[in-house]
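K.L.:
Could you look at this predicted model? Sequence included:
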Amino acid sequence: MLMKKIKCILLVDDDATTNFLNEELINDLGITEEVHVALNGQEALDYLHKKGKFKSTRKGEYPTPNLIFLDINMPLMGGFEFLEKYHQLPASKKAEVVIVFLTTSDSHKDKLKQLKDEVVRDFIEKPLNKHELLSIMEEHFWKAA
């Protein structure tokens, strides 16, 4: 198993405490070069388009994320609404991005919706933990060549 750092993880969640804890865990494990946070689906789209608060004059300041942890229930634009807009993005903005739903909801309905969307690779309950995070990395990024 190759444990190479990925370039970027994007956390999309409106809860500051959850973002803080998840970012600390990700940084402690040393699995990515960068972690960025969007507080809702609209901010996540802004990040991918490099506009709004993510507009930059420095090349590479906001790299395309390899992994997006996406909350389902957020104000302004939730996870499912984000996915609808995400599907409309050009292929270059979503190439090889792994999306994982991260939610407090354990409802069967949410899981069924997730299963119908091929870009969502997993569905885990908050908060992230070391075991789940390493499992996602192993499955999607550290597979033996």
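P.N.:
Good, I have the coordinates.
K.L.:
Any chance you could list what contacts the top helix by length along the chain?
P.N.:
In the chain, with assignment by DSSP state H, the single longest helix is helix 16-29. Judged by CB atoms under 8 Å, 6 or more residues apart in numbering, the contacts made with helix 16-29 from elsewhere in the structure are 9, 11, 13, 32, 35, 37, 69, 71, 102, 126-130, 133-134. Bear in mind the C-beta positions are built from the backbone N, C-alpha and C, glycine included.
K.L.:
Tell me which residues touch Thr64, please.
P.N.:
Lys7, Cys8, Leu48, Lys93, Ala95, Val97.
K.L.:
Quick check: nearest residue in space to Leu39, chain neighbours excluded?
P.N.:
The spatial neighbour of Leu39 that comes closest, neighbours along the chain excluded (CB to CB, 6 or more residues apart in numbering), is Asp14 at 5.1 Å.
K.L.:
So the one you found, which state does it fall into?
P.N.:
Recorded secondary structure, Asp14: coil (DSSP: H, G, I helix; E, B strand; the rest coil).
K.L.:
rewinding a little: just the ones of the contacts of helix 16-29 in strands?
P.N.:
Ile9, Leu11, Thr32, Val35, Val37, Phe69, Leu102 (DSSP state E).
K.L.:
Export the residues you listed as JSON lines, with columns for neighbour count, distance to Tyr86 and pLDDT.
P.N.:
Formatted as JSON lines, those follow (neighbours: other CB atoms under 10 Å; distance: CB to CB, whole Å; pLDDT from 0 to 100):
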{"residue": "Ile9", "neighbour count": "24", "distance to Tyr86": "16", "pLDDT": "98"}
{"residue": "Leu11", "neighbour count": "25", "distance to Tyr86": "16", "pLDDT": "98"}
{"residue": "Thr32", "neighbour count": "19", "distance to Tyr86": "20", "pLDDT": "97"}
{"residue": "Val35", "neighbour count": "20", "distance to Tyr86": "19", "pLDDT": "97"}
{"residue": "Val37", "neighbour count": "19", "distance to Tyr86": "17", "pLDDT": "97"}
{"residue": "Phe69", "neighbour count": "28", "distance to Tyr86": "14", "pLDDT": "97"}
{"residue": "Leu102", "neighbour count": "24", "distance to Tyr86": "16", "pLDDT": "84"}
